[in-house]
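Student: What would the 3D arrangement of this be:
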Amino acid sequence: MSSFPTRPEVVRASLPSRVAGRMSRMSWVDVVVAAAVLVLLYATLRVGQGTTVRFATGQNVHVDTDPGRLPYDAARSLLRMFVALAASTVFTFVYAYAAARSRRLERILIPALDILQSVPVLGFLTVAVTGFIALFPGSMLGLECASIFAIFTSQAWNMTFGFYHSLTSLPRELDELSRSFRFTRWMRFWKVELPAGAIGLVWNGMMSFGGGWFFLVASEAISVNNRDYALPGVGSYAGAAIADGDLGKVGWAIVTMAVMVIGVNFLFWRPLTAWVEKFKNEQSEASEVQRSHVLDFLRRSHWPALAGRLLRPVGRGLARAGRIFGIDDRPLLTDRRRQRTGDITFAVVAGGMILWGLIDLIGYLRDRTGLGVFGAPLLLGLATLARVVVVVVGATLVWVPIGVRIGFSPKLTRIAQPLVQILASFPANFLFPLAVWFFLKTGLSLDVGGVLLMALGAQWYILFNTIAGAMSIPTDLREAMDDLGIHGWQRWRRLILPGIFPSYVTGGITASGGAWNASIVSEIVPFGATTLTATGLGAYISHATAHGDFPHLIAGVAVMSLYVVGLNRLFWRRLYRLAETRYAA
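Tutor: Here you go, the predicted structure:
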């Protein structure tokens, strides 16, 4: 009998030797990367220890505003942001996949997602704080989970909508490829659907991460049911400095936040956006590609290849385990009679549950305050609606021409795109003390000045998407316009507006939703002993949250959801269908 080892034995014997061979070729780049990973893990463990300390719900809240604590506070805030981002990514995969793969679930999940994104962060916080404190009694972990959940609600919805759209618009040739090769559903997701939606997922994740920064103060310095809760973080530090009226410490918070935003963009988002360029489906090589010094440095290291080899058995195991989900061989034709019967059954069950919930909610409000509780928020919502319209129209008139100019110039794009990302990510409410000082000096009412504060958090979505739309217009079409001598309004009407329209609608929807959410912190602005209040639905919800007035809070959130969903359905969705049917590529 032959003494030579079988093929599996050769593979098992050769793997350690390959690893040892690669380890012997390690360079200074590999040493730097390994040291950076170890430092990151150590910092995460050290910072994470503070999330499980004892906590008494009745204790007085004191936020240490010593500038020397800002590095630790920044680390705690970053940990919450990235945990929320990880939770948002998992939620996106599960929720978007369920909505895209089940026609019946889609009828429930997508309208529900439309409502969820219209609910302000404070509406989630009220329930989250009470629930998580009860779940982790006597532990700071309850407040940490509530804060992370609040940040999650400012990130997840946009990412889920974007990934759902990529799943439902998968190119037919990729769908047929998966069916013809009889991929398992796991392989279809991992090898086809996720790569096809990777670019949109990353860019939407980056914008959603910016939304999390904006509500950092509200999620770390929480005032619910006449009780104040605070967690160590840049947001709570800034909130305490604003309450004390200390502009110097507010300035330190702004500097720290600027360093954090720039650092995260340079070390995380910039490498990620450059890496996902490999998933772009192009017939020819692009003349302008995303570059990242951090990604180039990592590619010089042996660690990624070594990690890929070590994790390859895990991937094979997941592929084998994914067979339990079945094969991607669903028939394109279905039995209409069975489908109709299932639809009716599902509609009756789901409709009955929703109707039962509405009846119970109406009964709760009738017993506590009466149904007249909806009257005040409906009227106040008109004032906030007017501000939202002014913000969207003003941002359109100002930033669309600038965005087109930037998008048409590769040189300006390389300079402006990182700046726009940083501006979109920077929490504008850190600048509110300066705005309050300006309003007090000029005598400008917050009823008018609130529009400017809302614009600080919402306008960048229109600029960002306009730049992306202008960059997508083919160069040969622009050159053809130049050759034909078409300039001015004719050029805008025939080339620019049709080219940027789909991207603008996406930015407009996001900016509109962002402005409604920003009204929560823009219509009631404290600084020291001074508190400016505007007439609007945002101030109504903030006041109800701070005083634990659940009937009025429910009414305010319900009315805001009604306004946002109604505006989306009556206006933005029509523009979205127009973009898909008339201006689609």
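
Student: What part of the protein, helix or strand, is modelled with the least confidence?
Tutor: Here the helix or strand of the chain ranked lowest by mean pLDDT, DSSP states H and E is helix 7-24, holding a mean of 50.

Student: and whatever helix or strand residue 205 lives in, what does it pack onto?
Tutor: Secondary structure assignment for residue 205, by DSSP states H and E: helix 194-214. Under the contact criterion of 3 or more Cβ pairs under 8 Å, 6 or more residues apart in numbering; DSSP states H and E, the helices and strands touching helix 194-214 comprise helix 70-101, helix 156-168, helix 247-264, helix 270-275, helix 410-425, helix 446-472, helix 497-522. Glycine gets a C-beta too; all of them are placed from N, C-alpha and C.

Student: hmm, 6 Å instead?
Tutor: If contacts are counted by 3 or more Cβ pairs under 6 Å, 6 or more residues apart in numbering; DSSP states H and E, helix 194-214 sits against helix 156-168, helix 410-425.

Student: Now do the buried residues in that helix.
Tutor: Burial within helix 194-214, assessed by neighbour count using 16 or more other Cβ atoms under 10 Å, is assigned to 194, 196-214.

Student: do the same with stretch 80-89
Tutor: Applying 16+ other Cβ under 10 Å to stretch 80-89 flags 80-85, 87-89 as buried.

Student: ditto for stretch 166-181
Tutor: So stretch 166-181, judged by 16+ other Cβ under 10 Å, has buried residues 166-167, 170, 174, 178-179.

Student: swap in stretch 495-508?
Tutor: In stretch 495-508, residues buried by neighbour count (16+ other Cβ under 10 Å) are 495-497, 499-508.

Student: what's the answer for stretch 487-497, then?
Tutor: Neighbour count says stretch 487-497 has 491-492, 495-497 buried, by 16+ other Cβ under 10 Å.

Student: Include distance to residue 63 and pLDDT when you put those into a markdown table, please.
Tutor: Converted to a markdown table, the buried residues of stretch 487-497 look like this (distance: Cβ to Cβ, whole Å; pLDDT from 0 to 100):
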| residue | distance to residue 63 | pLDDT |
| --- | --- | --- |
| 491 | 54 | 81 |
| 492 | 51 | 84 |
| 495 | 53 | 81 |
| 496 | 49 | 82 |
| 497 | 49 | 83 |
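
Student: where does the stretch 101-250 of the chain have low pLDDT?
Tutor: Judged by pLDDT under 70, the stretch 101-250 of the chain has its weakly predicted residues at 118, 122-123, 126, 175, 178, 180-182, 223-226.

Student: picking up where we left off before, can you name the next helix or strand after the least confident helix or strand of the chain?
Tutor: Next along the chain after helix 7-24, taking DSSP H and E as the criterion, comes helix 28-48.

Student: Which residue ranges of the stretch 201-350 of the chain form helices?
Tutor: Counting by DSSP state H, counting those that start in this stretch, residue ranges of the helices within the stretch 201-350 of the chain are 216-220, 234-244, 247-264, 270-275, 293-299, 303-321, 336-368.

Student: Looking at the helices and strands packed on helix 194-214, which one is packed in the most?
Tutor: Sort these by mean neighbour count, taking mean count of other Cβ atoms under 10 Å, and helix 156-168 sits at the top with a mean of 22.

Student: now for that helix, which elements pack on it?
Tutor: Using 3+ Cβ pairs under 6 Å, 6+ apart as the contact criterion, the secondary-structure elements in contact with helix 156-168 are helix 70-101, helix 194-214.

Student: switch the cut-off to 8 Å
Tutor: Taking 3+ Cβ pairs under 8 Å, 6+ apart as contact, the helices and strands that helix 156-168 lies on are helix 70-101, helix 103-118, helix 194-214.

Student: Of all the residues in the shortest one, which ones are buried?
Tutor: Right, the one you point to is helix 103-118. Buried residues in helix 103-118, defined by neighbour count with 16+ other Cβ under 10 Å: 105, 108-110, 113-114, 116-118.

Student: shouldn't residue 34 be in contact with residue 302?
Tutor: No - here residue 34 lies out of contact with residue 302, judged by Cβ atoms under 8 Å, at a distance of 10.2 Å.

Student: Switch the buried residues of stretch 495-508 over to TSV; also include distance to residue 43.
Tutor: As requested, the buried residues of stretch 495-508 are arranged in TSV below (distance: Cβ to Cβ, whole Å):
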residue	distance to residue 43
495	50
496	47
497	48
499	45
500	42
501	45
502	42
503	38
504	41
505	41
506	36
507	36
508	40
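
Student: Please report how far residue 566 lies from residue 351.
Tutor: 20 Å (Cβ to Cβ, to the nearest Å).

Student: was I right about residue 504 contacting residue 463?
Tutor: No - here residue 504 does not reach residue 463: they are 10.3 Å apart, not a contact under Cβ under 8 Å.

Student: Look up the closest residue to the residue positioned nearest the centre of the chain, ignoring the ones flanking it.
Tutor: The residue lying closest to the centre of the chain (Cα atoms, centre = their mean) is residue 208, at 2.0 Å. Among residues not flanking residue 208 along the chain, residue 155 sits closest, at 3.9 Å (Cβ to Cβ, 6 or more residues apart in numbering).

Student: Can you report how many residues lie near that neighbour?
Tutor: Using other Cβ atoms under 10 Å, residue 155 has 26 other residues around it.

Student: Check residue 563 too.
Tutor: Residue crowding around residue 563 was assessed by other Cβ under 10 Å; the count is 20.
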